[in-house]
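[1] pasting a predicted model and its sequence here:
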Amino acid sequence: MRLVLFQPDIPQNAGAMMRLAACLGVGLDLIEPCGFVLDDRKLRRAGMDYLAQVDLIRHASWDAFRAARPGARLVLLTTRARQSYTAFAFRPDDLILVGRESAGVPEAVHQAATAAVLVPLRPPARSLNVALAAALVLGEALRQTDALPPVPGPP
């Protein structure tokens, strides 16, 4: 399972999702261009010392990502979905894709996704922070696939 960031706009969110991936032992694909310089100090501050632990693969574009991951099952997190992430059956090889904070993903990416899921919210709320949504969905996907990191034993 991998978390995929589509052209992130905000370094603090990208850093938080990189930290999330490192802490949960999930790889991360980053589709460029980003809305910031990737070595931005805000990204480093948000990711703290976890960035060195991230299994990070950078892709120069959407096309480069698709070429590197042919046939992969893409599960898109989107407010346009009609299926809750808790009702979706995740697989260990899923790629969980999140869009840009400012614009989500273009229609071509929606069309390429194998499935689309959402985090249900009570009205009038429209959306969560992308890093929070990614954490919720990734946690559920890892739970379903029995891939959460083990609980440490007593000290």
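    The structure has been received and is ready for your questions.

[2] specify the beta-bridge partners of the closest residue to Trp62 other than its chain neighbours.
    Setting aside the residues directly before and after it, Trp62 is nearest to Ile31 in space (Cβ to Cβ, 6 or more residues apart in numbering), at 5.8 Å. C-beta: built from backbone N, CA, C; applies to glycine. Judged by DSSP bridges, the bridge partners of Ile31 are Phe6, His59.

[3] for Ile31, give me its contacts.
    Contacts here follow Cβ atoms under 8 Å, 6 or more residues apart in numbering; on that basis Ile31 touches 4-7, 59, 61-62, 64-65.

[4] report the buried members of those.
    4-7, 59, 62, 65 (16 or more other Cβ atoms under 10 Å).

[5] and these, which two are the farthest apart?
    Greatest spacing in the buried ones among the contacts of Ile31, by Cβ to Cβ: Leu5 and Trp62 (11.9 Å).

[6] from Pro11, how far out is Thr78?
    The gap separating Thr78 from Pro11 is 22 Å, by Cβ to Cβ, to the nearest Å.

[7] then the helix or strand harbouring Met17 to PDB, C-alphas only?
    In the assignment (DSSP states H and E), Met17 maps to helix 11-24. Extracted in PDB, the C-alpha atoms of helix 11-24 (Å, rounded to 0.1, in the frame of the first residue of the first chain):
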ATOM      1  CA  PRO A  11       4.400  22.200   2.400                       C
ATOM      2  CA  GLN A  12       3.000  21.700   5.900                       C
ATOM      3  CA  ASN A  13       0.400  19.200   4.600                       C
ATOM      4  CA  ALA A  14       2.900  17.400   2.500                       C
ATOM      5  CA  GLY A  15       5.300  17.100   5.400                       C
ATOM      6  CA  ALA A  16       2.500  15.900   7.700                       C
ATOM      7  CA  MET A  17       1.600  13.200   5.100                       C
ATOM      8  CA  MET A  18       5.200  12.200   4.700                       C
ATOM      9  CA  ARG A  19       5.500  11.800   8.500                       C
ATOM     10  CA  LEU A  20       2.300   9.800   8.500                       C
ATOM     11  CA  ALA A  21       3.700   7.400   5.800                       C
ATOM     12  CA  ALA A  22       6.900   7.000   7.700                       C
ATOM     13  CA  CYS A  23       5.200   6.300  11.000                       C
ATOM     14  CA  LEU A  24       2.900   3.800   9.500                       C
END
